[in-house]
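Chemist: Build me a structure from this.
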Amino acid sequence: MDRTESVFQTLRFTYGIVPVVAGLDKFTNLLADWPEYLAPSIAGLIPFDPQVWMYIVGVIEIVAGLAVLTRWTRLFAYVVAAWLVAIAVNLLLAGFYDVAVRDLVMAVGAWCLARLAEAREGLPATAAAGARA
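Modeler: Predicted coordinates:
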């Protein structure tokens, strides 16, 4: 395996497995008390209990993580990157600045995975940009 492929596979497994684990934990709250991280301004917008919201978030994270591990790595790496940015915005609104920065860095890593997937698929930079639009 060449160096580029090993980087791709490492990122693919990381952005596949971590969202699945985080998503599953939304149902158990073993790693964190997830509803605590929901910004009050966001909690006021949703029509149900914050824990129910976390169940929905968990399902989305599980699906996105599993999809990164399929042949749709490129597409779902972009989904994971966007999801992490949305989570970071929520965390900023909630005052968890340190965790928000971490999630923004993770979003950059997911974006890099998507770009590596494009290169691996042989998509030229201009064609890849057009394929995303």
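
Chemist: host element of the residue nearest the centre of the chain?
Modeler: Geometric centre of the chain, nearest residue: V80, 3.0 Å, by C-alpha atoms, centre = their mean. Per DSSP states H and E, V80 falls inside helix 73-94.

Chemist: now I42
Modeler: Assigned by DSSP H and E, I42 belongs to helix 40-43.

Chemist: Just give me how far that helix sits from the chain centre.
Modeler: Distance of helix 40-43 from its chain centroid, counting by C-alpha atoms, centre = their mean, to the nearest Å, is 20 Å.

Chemist: show me the contacts for the nearest residue to I87 once chain neighbours are set aside.
Modeler: Spatial nearest neighbour of I87, excluding adjacent residues (C-beta to C-beta, 6 or more residues apart in numbering): D103 at 5.2 Å. C-betas here are computed from N, CA, C, even on glycine. Contact analysis of D103 by C-beta atoms under 8 Å, 6 or more residues apart in numbering lists 84-85, 87-88, 91.
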